[in-house]
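Visitor: Based on what follows, work out the 3D shape:
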Amino acid sequence: MGKGGEQGEECSEREAQSPSYTWEEIQKHNLRTDKWLVIERKVYNITKWAKRHPGGIRVISHYAGEDATDAFQAFHPDLTFVRKFLKPLLIGELAPGEPSQDRDKNVSSNNFSCMFSESSNPVKSKSKASKARPQLVDDFRALRKTAEDMNLFKASPVFFSLYLGHIIVMEALAWLMVSYYGTGWIVTFLLSIILAVSQAQAGWLQHDFGHLSVFKKSVWNHIVHKFVIGHLKGASANWWNHRHFQHHAKPNIFWKDPDVNMRHLFVLGDTQPVEDLAWAFSYYLRYFITYIPFYGVLGSLCLLSFVRFLESHWFVWVTQMNHIPMEIDNEKYRDWLSSQLAATCNIEQSFFNDWFSGHLNFQIEHHLFPTMPRHNYHKIAPLVKSLCAKYEVPYEEKPLLKAFADIVGSLKKSGALWLDAYLHK
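Guide: A predicted model of the protein is given here:
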């Protein structure tokens, strides 16, 4: 037999000799200095690689000792390319008798208790959950394949070009207003609103590029992401990636989702790249060159502060209406679909809601498929609803104003708990 045949036999022999591991063994490797995870039943040692992970060390480390198959597929648009980096990390596979999910994610009724009413018979409930959950995971992966077959991960260049265009038009309109009509109070107030709208919409656009959902090549998404978040908004792409990918990996999980951690005022990671600082500097340079001739240094600073004040309220209300009213707790080791549905809800669709929230009114679909272009969320939503209905997974959708009211109600409840714990004890 030729060399090709010999190499094939050697490869097959190595695969046959690949070590097998139980979940009990794998779960021991979830330490800072010792990290294993499982993808598609293959076991990988990511201890050294985690520091080089493009998405950040923390997001991949959150899956140490766990099955990361669905997260791996959700975050990486080009799986063929990424799998090349996995090959050197492969150390074995799951033992034949082991389930594909860790910690009995497929059979634990405790992890999916929201499926059943309080009046349900607990014995029957557990039996039902045990039967349903393995198929739920398989059906979700089949749904993802359906979305791929429907080309729902293909972005529309026209949509994103027009979206970027309407941001640039607002920036130009603000400059034209102050150029032609001066710096009166009314003009300044209208200009501030236009700039706040532009900044908010640029925030939603950078979110698209940050999730690698526009271009086929990740490198182009990264480049344009740095331009939009840096030059159009004056923020850091590295800072955003460091925090936001963790949020998507483990939404509303204490110590893993930075959005529900109140330990630090700022989180910047280990280093702040000079490139990110340069992009952010270019925004402030452009802004002050544009407005200092009209408002002076102090007036320009005041204008910028007021614009940020308006934009920040818009940003906070939109980004928190889908999460704060939902479950916020310690890690419960749910499967991908269940963990995302427990932490997210949707807002009713309308043209205004889509534009106002940057399509984050489809937060459920966005969390399940973070690399899907947002203009396709409404197409996959009915299929997600159907899957959730099949397994009695709560799929929550509400009007915009009710979502805002729920934020206040949730914070009021949290405040009452705090008072009971620290003031009324």
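Visitor: What helix or strand is Ile289 located in?
Guide: Assigned by DSSP states H and E, Ile289 falls within helix 274-320.
Visitor: what's in contact with the next helix or strand after that helix?
Guide: Sequence order places helix 336-343 as the next helix or strand after helix 274-320, per DSSP H and E. With CB atoms under 8 Å, 6 or more residues apart in numbering as the contact definition, helix 336-343 has outside contacts at 70-71, 74, 111-112, 114, 136-137, 140, 250-253, 323, 326-328, 332, 334, 364, 367-368, 387-388, 393-395. (C-beta placed from N, C-alpha, C; glycine too.)
Visitor: Please name the residues that touch the spatially most central residue of the chain.
Guide: Centrality entry for the chain: nearest residue to the mean C-alpha point is His248, 3.3 Å, by CA atoms, centre = their mean. Counting by CB under 8 Å, 6+ apart, His248 touches Ala74, Phe75, His367, Pro370.
Visitor: So the nearest residue to Tyr181 once chain neighbours are set aside versus His247, what's the distance?
Guide: The spatially closest residue to Tyr181, leaving aside those adjacent along the chain, is Val187, at 4.7 Å (CB to CB, 6 or more residues apart in numbering). For Val187, the distance to His247 equals 39 Å [CB to CB, to the nearest Å].
Visitor: Take the contacts of His248 and keep only those in helices.
Guide: If you go by DSSP state H, those have Ala74, Phe75, His367 in helices.
Visitor: How many residues are close by the second one?
Guide: In this case it means Phe75. For Phe75, the neighbour count with other CB atoms under 10 Å is 19.
Visitor: about what we covered before: distance check, the residue nearest to Tyr181 against Trp355.
Guide: 25 Å.
Visitor: Also Ile324?
Guide: Computed as CB to CB, the Ile324 to Trp355 distance reads 22 Å.
Visitor: Settle it for me: which of these two has more neighbours?
Guide: Ile324 (20 against 15).
Visitor: residues in contact with Ser61?
Guide: Arg32, Lys35, Ile46, Ala50.
Visitor: just checking, which of those residues belong to strands?
Guide: Lys35 (DSSP state E).
Visitor: Weed out the non-buried ones from the contacts of Ser61.
Guide: Buried by 16 or more other CB atoms under 10 Å: Lys35, Ile46, Ala50, out of the contacts of Ser61.
Visitor: out of the residues you listed, who's nearest Gly65?
Guide: Distance to Gly65, by CB to CB, is smallest for Lys35 among these, at 7.7 Å.
Visitor: That closest one is in contact with Ala64, isn't it?
Guide: Yes. Counting by CB atoms under 8 Å, Ala64 is a contact partner of Lys35 at 4.0 Å.
Visitor: Find residues that contact each of those two.
Guide: His29, Ile46.
Visitor: can you give me the strands for the protein?
Guide: Counting by DSSP E, the strands of the chain are 20-21, 30-31, 34-39, 42-45, 90-94, 346-347, 397-398.
Visitor: Need the winner for burial among these.
Guide: Comparing these by mean neighbour count (mean count of other CB atoms under 10 Å), strand 346-347 ranks first with a mean of 24.
Visitor: what number of residues lie near Tyr63?
Guide: Other residues near Tyr63 number 23, with proximity taken as other CB under 10 Å.
Visitor: Apologies, that question was intended for Lys145.
Guide: Lys145: 10 surrounding residues under other CB under 10 Å.
Visitor: With Leu303 instead?
Guide: By other CB under 10 Å, neighbour count at Leu303 equals 21.
Visitor: Let's see the pLDDT reported for the closest residue to it other than its chain neighbours.
Guide: Spatially, and ignoring its direct neighbours in sequence, Leu303 is nearest to Tyr295 (5.8 Å; CB to CB, 6+ apart). According to the prediction, Tyr295 has pLDDT 95.
Visitor: With Ser305 instead?
Guide: Taking Ser305 on its own, its pLDDT is 96.
Visitor: in the stretch 51-200 of the chain, which spans are helices?
Guide: All helices of the stretch 51-200 of the chain, identified by DSSP state H, counting those that start in this stretch, fall at 57-61, 69-75, 79-86, 122-149, 157-181, 185-210.
Visitor: rank those helices by pLDDT, which is bottom?
Guide: helix 122-149 (a mean of 70).
Visitor: What separation is there between Thr146 and Pro382?
Guide: Taking CB to CB, one finds Thr146 at 12 Å from Pro382.
Visitor: In terms of neighbours, single out the busier of the two.
Guide: Neighbour count, other CB under 10 Å: between Thr146 and Pro382, Thr146 has more, with 12 against 9.
Visitor: The more buried one contacts Leu383, doesn't it?
Guide: Yes. With contacts counted by CB under 8 Å, Thr146 reaches Leu383, the gap being 6.7 Å.
Visitor: Which neighbours do those two have in common?
Guide: Joint contacts of Thr146 and Leu383 (CB under 8 Å, 6+ apart) do not exist.
Visitor: related to what we said a few turns ago, return the member of the buried ones among the contacts of Ser61 nearest to Leu417.
Guide: Nearest to Leu417 among those, with distances taken as CB to CB, is Lys35, at 34.2 Å.
Visitor: so what's that closest one bridging to?
Guide: Asn30 (DSSP bridges).
Visitor: mind listing what it touches?
Guide: Lys35 sits next to His29, Asn45, Ile46, Thr47, Ala50, Ser61, Ala64, Gly65 when contact means CB under 8 Å, 6+ apart.
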